[in-house]
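Student: My questions concern the predicted model and sequence given below.
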Amino acid sequence: MKKTLFTVIALIAFTLSASAADNAANKTVSVQGKARIITPITLSNNQALDFGVIARGTGNSTIVVGAVETPTISVPTGDAVVLTSSAQTSAKFTVGGETSKSYNITIPSTPQVISDGTNNLSITAFTCSNSLTNSVIGTNDVFYVGGTLTVPSTAVAASYTGTFSVTVAYN
């Protein structure tokens, strides 16, 4: 009987110690999963970047359209003439999305080509009226993009068009 009682006590002690060992080696906790869905960011182009009507010069020229609502005519190099009968415009953009969320703007950092189908001109030195980083929706939702057009003295008289990309993304 003593043997049986000792065996039962030993089995109970072993079972309790194994259970205690499991509790010390393994812990489980519940973790909360969360998500917040926000309004997608949007970008619309309300106005093209237009360098206007240009009479090419006898030398290579550059025409600058600033990143402002109403740019002034600027020909910093060369003798090309921008006719005032056709206004220059900077590209105008409107951003939408989650109010108070910050976003970054990406404008071209490499030359972009406009063409008449055969001949090309380059737009370089793009500028933006807003900070390219940490703009905030609800405070500065409209921005302008300008650039510099190079017009060689050999430019063919024609209408030149092309596209370039501007991107906005939440931070």
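Tutor: Structure's in. What do you need? Numbering: from 1, shown residues only.

Student: quick one, what contacts residue 44?
Tutor: 93, 94, 96 (Cβ atoms under 8 Å, 6 or more residues apart in numbering). In short, each C-beta sits where N, CA and C put it, glycine included.

Student: Can you get me a residue count around the last one?
Tutor: What that stands for is residue 96. 15 (other Cβ atoms under 10 Å).

Student: beta partners for it?
Tutor: Assessed by DSSP bridges, residue 96 has beta-bridge partners residue 42.

Student: so it touches residue 137, yeah?
Tutor: Yes. If you go by Cβ atoms under 8 Å, residue 96 and residue 137 touch, sitting 7.1 Å apart.

Student: shared neighbours of these two, anything?
Tutor: residue 41.

Student: tell me the pLDDT at the spatially closest residue to residue 145 that is not a sequence neighbour?
Tutor: Nearest residue to residue 145, sequence neighbours excluded (Cβ to Cβ, 6 or more residues apart in numbering): residue 91, at 4.3 Å. At residue 91, the model reports a pLDDT of 98.

Student: just residue 140 next, same as before
Tutor: 82.

Student: List the residues that contact the closest residue to it other than its chain neighbours.
Tutor: Leaving aside its chain neighbours, residue 140 sits nearest to residue 130 (5.3 Å; criterion: Cβ to Cβ, 6+ apart). By Cβ under 8 Å, 6+ apart, the contact list for residue 130 reads 105, 140, 143.

Student: With residue 170 instead?
Tutor: So residue 170 contacts 38, 41, 97, 98, 101, 102, 103 (Cβ under 8 Å, 6+ apart).

Student: quick revisit: would you agree the residue nearest to residue 140 falls within a helix?
Tutor: No. Going by DSSP: H, G, I helix; E, B strand; the rest coil, the assignment for residue 130 is coil, not a helix.
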